[in-house]
Structure formats: structure tokens, C-alpha cells
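Visitor: sharing a model prediction with you, sequence too.
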Amino acid sequence: MSSRRDFISQLSILSLTNPNYNPISVVSNSNKWTELKSQYLSNREGFVNMNIGSAGILSRPIYKKYCEHIMALNAYAPYEIYQKSEKEIAQSYIRLANSLGIKADDITLVENSTAGLNRIIWGLPIDNRKEIICANIDYPYATQSIINKANQDSLKIKKINLDLSIMSDTEIVQSYERAINKNTSLLLLTYITHIEGHIMPVKKIIEMAHGYGVAVLLDAAHAYAHIEHSIADLNPDYYVTSLHKWMGAPLGTGLLYVNPHRIHQLLPHSPYSRQEQGTIHKLHAKGTRAFQNEIILSTVLDFNSQVDIAARENRLKALTSIWYDSLSDHKGVKKITQADKYCGMASISLENNKINLDKELIDKYNIHIKKINRQGKKIYRISSGLHLDESDMNKFVNAVNTIIGC
Ligand SMILES: Cc1ncc(COP(=O)(O)O)c(C=O)c1O
């Protein structure tokens with residue numbers, strides 16, 4: 001009987017030779033989840049990484065293949081190996097684009113969401129009477145780039161305040177709508193917020209903004225391989241995501257989409273030629289880079305295709321619900337995220353703000369979570385990937401209960 005590793009490498013070959021390669025199947029029984037978990041390196045020392053929202057981890061088959069690519073790049077000449085892989089990389093572009101309902105000609109790989117956001121923010125010629133809308137819930141580095149751009153080009157920023165612990169989708173859409181006026185040029189919109197893990201009503205906001213002729217830059221850093229969505233359906237003007245988060249691609253892999261109607265306007269800081277002006281190719285001019293991150297994508301796609309996106313979303317939500325529901329009756333715990341708005345990532349704070357939950361968890365229980373300071377209040381964000389299972393969620397709940405005294 002062939003091993004899982006053999007199977008994965010067979011899939012890799014299959015995906016190269018067959019562009020119509022289909023995912024295996026939806027993983028639906030618990031043995032499959034256990035099997036999937038066993039394919040991650042992180043299980044070796046009982047370390048529980050509940051911060052996949054910051055950066056994902058490689059599964060063993062991906063890690064092994066990644067090392068092989070790095071070895072090949074260094075044993076031969078990097079450009080030679082890269083050029084030999086170009087067809088495979090082009091195939092990965094097609095597979096990524098297909099998964100989002102768009103064409104490979106409308107995407108480019110970038111280092112991460114930060115880079116993708118900046119390619120757009122700095123590539124857009126916006127004249128100085130115009131305004132950009134952003135919100136208090138956006139990623140601070142995205143907002144900071146908007147501030148810098150506004151300072152440089154004398155643009156106005158309209159920053160709206162959203163309270164995601166109580167607001168409904170309708171109220172959120174209305175808040176954005178109220179901020180729009182005839183000078184609004186661009187709206188920065190976050191799909192899944194970095195503090196709460198709140199899934200925003202982005203389709204409704206995009207539709208509303210387009211009704212006023214306002215372009216939308218969708219920061220979907222946390223969305224790909226986390227929740228089911230398609231760019232074709234959402235219809236943003238620009239979309240960025242980090243493949244190294246929920247998809248488990250190597251660190252430094254992101255994706256940028258530009259709506260084909262918008263590409264001609266963009267003047268990115270890259271050395272493109274006149275002929276490339278109206279095409280996505282102007283974003284492909286990136287110089288020498290981590291070639292291994294592009295070559296490995298076919299293996300990452302194969303690995304991810306073990307679970308279809310609907311099954312993955314259900315699984316991530318189910319894992320999060322285990323700890324979120326268990327802690328919900330605890331007087332010492334305050335829930336930050338609305339129960340029907342999270343998937344694999346949600347947040348809490350403690351009544352006793354003096355407790356350093358993150359430190360206690362890592363020091364005493366080998367559990368890693370993310371701490372975020374918001375106006376002096378410590379917020380703890382917990383994000384779970386497919387490398388974890390129910391036992392990890394229970395371990396986390398028991399640890400929190402012990403720390404806060406239950
Ligand atoms: C909402 C959001 N946007 C953008 C980013 C930046 O992602 P990256 O560090 O992969 O560039 C993050 C990082 O966590 C984020 O949470």
C-alpha cells in the first residue's frame with residue numbers, strides 16, 4: 001500500500017500533467033481529520049499553536065518538498081530551476097484563479113497582504129481633492145499606508161468607527177454608506193478583522209460602494225483557505241490575501257487581484273514596459289525573489305485539495321465553537337466576537353486585566369495565542385488550523401479555566 005507521502009507526490013505529478021485535476025473529496029469523518037493533523041510537524045512536542053492567524057505552518061509533505069526545491073535551486077542555478085518550473089507555476093496561477101472564480105491573467109503573486117495593499121495604495125493616482133474611507137477595525141499597517149499616501153498627495157481620509165461587538169450587518173453597511181460623498185475615491189475594506197475575526201458583510205458593502213462609483217480595495221488577508229468565497233461573486237476592484245496564513249503556504253506568499261477594468265489606471269512602482277501597461281504583467285516584474293515559494297505552490301494546492309473549502313470552513317468553525325462555547329458561561333471571560341460572525345478565529349478578554357493569559361498559557365501549558373492591546377485592555381485572539389483537533393481545544397479550555405480560577 002502506498003504511503004500518504006507517495007500519494008501527495010503522485011498528486012503533484014498529476015496536477016502538472018492534468019490541468020483539470022479535481023480535488024480528492026470532502027473530508028467528512030473524524031478519522032480523516034486525525035490523519036490530516038498527523039501530517040503536521042507541530043504535533044511532535046505537544047506544542048499547541050493557536051495563532052495561525054498571524055502565520056500558518058507547513059505540513060510535512062509541503063515542508064519536505066520545499067526543502068527539495070531549495071536544495072535544487074542551490075545545487076544548480078536558481079534561474080535555471082525557476083525557468084524549468086515556469087509551466088508548473090503557470091498551472092498554479094490557473095488553479096488559484098479558478099478557486100476564486102477569476103482568470104489567471106488577473107492575479108499576481110506577491111510577498112504578502114502588506115505588499116499587495118501597498119502595490120495598490122501607492123499605485124493608484126488619486127487627485128488631491130479626493131477622499132479615502134477606512135475604518136477603526138482595519139489592519140493598522142493598511143491604515144498607516146493610507147495615512148502616508150494621504151499626507152504625500154494631500155488626500156482626505158474619512159475613518160469610520162465600528163463597534164463589531166454589537167453592530168449588525170445592516171448597521172455596518174450604513175456606516176460605510178454615510179461616509180461616502182462625491183469626492184470619495186477609494187474604500188479600504190477588511191474581510192475578516194484582525195482583532196475580532198469578524199467576517200464583514202463585504203459583498204453588501206462592495207455593491208453599495210459601486211452604486212456610488214467608489215472603488216473597493218478588499219483586504220482579504222485572512223479569507224483565503226479559511227472561508228468559502230469567490231472574487232467573481234464579491235466583485236471587489238482589488239483583492240489581497242496572504243497564502244501563508246490559512247492555506248499553509250511558505251512564509252512570504254501572497255496573492256493580489258486587480259479587476260481587469262482597473263488595471264490600466266494602476267501605476268505600480270515596478271519596471272513594466274509600455275506594452276504591459278494595460279495588463280497584469282506590469283505587476284509581475286518583481287526581480288529575483290524566493291523562487292521556491294512559487295514552485296512549491298502546486299504541492300500546497302495539492303495538499304489543500306484533500307479538504308474542500310466548505311468542509312474546511314465547517315471544521316474551523318466547529319473547532320472554534322468548542323472553546324468559545326465552553327468559555328462563554330465563565331464570569332471571568334468576556335467574549336469579543338459575535339457568535340455568528342467568526343470562523344476559525346475569535347477573541348476574548350478577561351475581567352481581570354492584570355492576568356497575562358498569553359504568557360501563562362505558553363509558560364505553563366505550551367499553548368501559543370496572540371495578545372493584542374486595545375486602549376489598555378488585553379485582548380486574546382485564538383486562531384485554529386487543521387493541524388489542531390478537539391483535544392487541543394479542550395486542553396486550551398482547561399488551561400484557561402485553571403489560570404483564571406474556575
Ligand atoms: C486584516 C489584515 N490585513 C493584512 C495583514 C498583513 O498580512 P501579512 O503580514 O501577511 O502581510 C494582516 C496580518 O495579520 C491582517 O490581519
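Guide: Arrived safely. Numbering: from 1, shown residues only.
Visitor: and the pLDDT for residue 128?
Guide: Residue 128 is assigned 87 on the pLDDT scale.
Visitor: where does it land in three-state SS?
Guide: Per DSSP: H, G, I helix; E, B strand; the rest coil, the local secondary structure of residue 128 is coil.
Visitor: need the residues of the chain near the ligand, please.
Guide: 54, 112, 113, 114, 139, 142, 190, 194, 219, 221, 222, 242 (C-beta under 6 Å from any ligand atom). Placement of C-beta: from N, CA and C, glycine included.
Visitor: buried ones only from those residues, please, as a ChimeraX command.
Guide: Filtering the residues of the chain next to the ligand down to the buried ones (16 or more other C-beta atoms under 10 Å) takes a single ChimeraX command:
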select :112,113,114,139,142,190,194,219,221,222,242
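Visitor: ok, so of the residues of the chain next to the ligand, who is nearest residue 179?
Guide: Distance to residue 179 across these (C-beta to C-beta) is lowest for residue 190, with 14.7 Å.
Visitor: isn't that closest one up against residue 137?
Guide: Yes - counting by C-beta atoms under 8 Å, residue 190 does reach residue 137; the two are 6.2 Å apart.
Visitor: shared neighbours, those two?
Guide: Taking C-beta atoms under 8 Å, 6 or more residues apart in numbering as the criterion, residue 190 and residue 137 both touch residue 200.
Visitor: sorry, back to before: now render the residues of the chain next to the ligand as JSON lines, adding pLDDT and secondary structure.
Guide: Listed next are the residues of the chain next to the ligand as JSON lines, based on pLDDT from 0 to 100; DSSP: H, G, I helix; E, B strand; the rest coil:
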{"residue": "54", "pLDDT": "98", "secondary structure": "coil"}
{"residue": "112", "pLDDT": "98", "secondary structure": "coil"}
{"residue": "113", "pLDDT": "98", "secondary structure": "helix"}
{"residue": "114", "pLDDT": "98", "secondary structure": "helix"}
{"residue": "139", "pLDDT": "98", "secondary structure": "coil"}
{"residue": "142", "pLDDT": "98", "secondary structure": "helix"}
{"residue": "190", "pLDDT": "98", "secondary structure": "strand"}
{"residue": "194", "pLDDT": "98", "secondary structure": "coil"}
{"residue": "219", "pLDDT": "99", "secondary structure": "strand"}
{"residue": "221", "pLDDT": "98", "secondary structure": "coil"}
{"residue": "222", "pLDDT": "98", "secondary structure": "coil"}
{"residue": "242", "pLDDT": "98", "secondary structure": "strand"}
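Visitor: could you look up the SS state of residue 257?
Guide: Applying three-state DSSP: residue 257 is strand.
Visitor: low-confidence ranges, this structure, go.
Guide: 1-29, 42-44, 406 (pLDDT under 70).
Visitor: longest helix of it?
Guide: Longest helix of the chain, by residue count under DSSP state H: helix 309-328.
Visitor: buried sites along stretch 47-54?
Guide: 48, 49, 50, 51, 52, 53.
Visitor: any idea what the fourth one is bridged to?
Guide: The one in question is residue 51. For residue 51, the beta-bridge partners under DSSP bridges are residue 383.
Visitor: against residue 38, how distant is the nearest residue to residue 245 once chain neighbours are set aside?
Guide: Nearest residue to residue 245, sequence neighbours excluded (C-beta to C-beta, 6 or more residues apart in numbering): residue 56, at 5.0 Å. Going from residue 56 to residue 38 by C-beta to C-beta, to the nearest Å gives 17 Å.
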